[in-house]
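Visitor: fold the stuff below for me.
(one chain, ligands or ions: 2)
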Amino acid sequence: MRMLVTGGAGFIGSHLCERLVDEGHDVICLDNFFTGNKRNIAHLLDKHNFELIRHDVTEPILLEVDRIYNLACPASPIHYQYNPVKTTKTSVMGAINMLGMAKRVRARILQASTSEVYGDPQVHPQPESYLGNVNTLGPRSCYDEGKRVAETLMMDYHRQNNVDIRIIRIFNTYGPKMAENDGRVVSNFILQALKGEDITVYGEGEQTRSFCFVSDLVEGMVRMMECPGFIGPVNLGNPCETTILEFARKIIALTGSKSSIVYRPLPADDPKQRQPDISLAKEMLGWEPKVSVDEGLKLAIDYFRSIVT
Ligand code: NAD
Ligand code: UDP
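Guide: Ligands and ions are numbered 1, 2, ... in the order given. Just a heads-up that it's a prediction; the model follows:
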């Protein structure tokens, strides 16, 4: 099949492109390289079934494809807060342009939504039926609300124009090819530990997250795209929950680092807890994560070690 991956040069997108190319599909990677990098897909450039297009999803584009994976959007807080107006535009205009394409060529489209649609959740763990607790006014709103509108657009194109849609809500995902400067907790802690620098825990480190290895996520994405008759939304993530302080200690132990933990102010609207309820993914997709956090972190540490030294 002809597959379009927007945001294909980013962290998750590049793993997805690799998987789809290996499966023999014709893959078009579309990216404006805001947070993505050609290095992530350099090994695919000479494959006969891979094409790269530099393009911004906020602008229309005409392509003929069977599947659209819409991932284009900066994902780390420092990147999406760098130009918040552009972040909202990317989610909203990007969804409109890609849904327009899906409608025109009758392609199936999958939207990479996020656990951030639950905001600072008051229901724990979060099932898909939870409607969320999102601040419309804060520094994270450009991302959260942009992604919420993208979900709305998906549903409205589906109801109004019969577009074949899939919505996944991705929870914190990590692995090789995460950008080293993206400020997310996994890359920050591993790099700090490898360089012997202080590990910066925000707040008291009591907030929780649940970390999913990228190969597990990609498997879930592909299953969801090809699942007949189920549009979602579906949570994809690893339910293995940890406090950020425990996570810092784990990284220190796994890297054998001599780094110390230091405490820094908690950013505004930082969600206090996050853990996916993945019952629906298990039931509908037969999917659950296979890579343990220790196993996945070792692979991520090996990757960062290879780029640091
Ligand atoms: P990333 O920043 O590595 O990848 C995003 C990609 O989109 C980059 O290659 C970037 O250059 C590209 N991009 C950004 N704006 C664009 C635009 N206007 N036009 C074209 N390309 C554009 O982030 P990621 O972690 O790979 O995230 C991929 C997707 O998954 C995002 O939509 C993100 O919201 C979603 N997601 C990720 C996580 C996670 O933990 N990694 C969690 C929830 C949701
Ligand atoms: N965090 C931290 N130190 C860092 C980077 C992040 O303590 O150097 C915390 C952050 O406050 C949040 C959690 O780790 O509570 C996850 O942050 P990340 O930016 O990775 O993702 P998100 O907040 O979007 O889940």
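Visitor: just the pLDDT at residue 309, thanks.
Guide: In this model, residue 309 is scored at 66, pLDDT.
Visitor: same check on residue 205?
Guide: 98.
Visitor: what's around it, how many residues?
Guide: 18 (other Cβ atoms under 10 Å). Just so you know, the C-beta spots here come from the backbone N, C-alpha and C atoms, and that holds for glycine as well.
Visitor: same thing with residue 228?
Guide: If we define neighbours as other Cβ under 10 Å, then residue 228 has 4 of them.
Visitor: now swap in residue 123 and tell me
Guide: As a burial measure, residue 123 scores 14 neighbours (other Cβ under 10 Å).
Visitor: checking my notes, residue 153 in a helix, right?
Guide: Yes - using DSSP: H, G, I helix; E, B strand; the rest coil, the assignment for residue 153 is a helix.
Visitor: give me the distance between it and residue 117.
Guide: Remark: distance between residue 153 and residue 117 (Cβ to Cβ, to the nearest Å) = 13 Å.
Visitor: of the two, who's got more company?
Guide: Neighbours of residue 153 and residue 117, each counted by other Cβ under 10 Å, are more numerous for residue 117; the result is 23 against 20.
Visitor: phi first, then psi, for that one.
Guide: Dihedral angles of residue 117 (phi, psi; degrees, to the nearest 10) stand at phi -70, psi -20.
Visitor: isn't it up against residue 133?
Guide: No - using Cβ atoms under 8 Å as the test, residue 117 is too far from residue 133 to be in contact (10.3 Å).
Visitor: mutual contacts of these two, please.
Guide: When contacts are counted by Cβ atoms under 8 Å, 6 or more residues apart in numbering, residue 117 and residue 133 have no shared neighbour.
Visitor: the stretch 51-200 of the chain: helices as residue ranges?
Guide: 77-80, 84-105, 141-161, 185-195 (DSSP state H, counting those that start in this stretch).
Visitor: for the record, mean pLDDT for the first one?
Guide: The average pLDDT within helix 77-80 is 96.
Visitor: what comes up buried for that helix?
Guide: 77, 79-80 (16 or more other Cβ atoms under 10 Å).
Visitor: between the residues you listed, which is nearest residue 269?
Guide: For the buried residues of helix 77-80, the closest approach to residue 269 (Cβ to Cβ) belongs to residue 77, at 9.6 Å.
Visitor: which bits of this structure sit near ligand 1?
Guide: Residues of the chain found near ligand 1 (Cβ under 6 Å from any ligand atom) are 6-7, 9-13, 31-36, 56-58, 71-75, 79, 90, 112, 114, 170, 172-173, 179.
Visitor: if we go to 5 Å?
Guide: With the criterion set to Cβ under 5 Å from any ligand atom, the chain comes near ligand 1 through 7, 9-12, 31-32, 34-36, 56-57, 71-75, 90, 112, 114, 170, 172-173.
Visitor: can I have the buried ones of those as a PyMOL selection?
Guide: Only the buried entries of the residues of the chain next to ligand 1 go into this PyMOL selection, using 16+ other Cβ under 10 Å:
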select buried, resi 7+9+10+11+12+31+32+34+35+36+56+57+71+72+73+74+75+90+112+114+170+172+173
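Visitor: give me the low-pLDDT residue ranges for the protein?
Guide: Low-confidence segments of the chain (pLDDT under 70): 309.
Visitor: hey, where'd the strands end up in it?
Guide: Using DSSP state E, the strands found in the chain span residues 2-6, 26-31, 50-54, 67-70, 108-114, 165-170, 173-174, 199-202, 208-210, 212-213, 234-236, 241-243, 261-264.
Visitor: got a markdown table for those strands, with distance to residue 145 too?
Guide: Shown next, in a markdown table, are the strands of the chain (distance: least, Cβ to Cβ, whole Å):
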| stretch | distance to residue 145 |
| --- | --- |
| strand 2-6 | 20 |
| strand 26-31 | 23 |
| strand 50-54 | 27 |
| strand 67-70 | 17 |
| strand 108-114 | 11 |
| strand 165-170 | 15 |
| strand 173-174 | 21 |
| strand 199-202 | 22 |
| strand 208-210 | 21 |
| strand 212-213 | 24 |
| strand 234-236 | 19 |
| strand 241-243 | 25 |
| strand 261-264 | 26 |
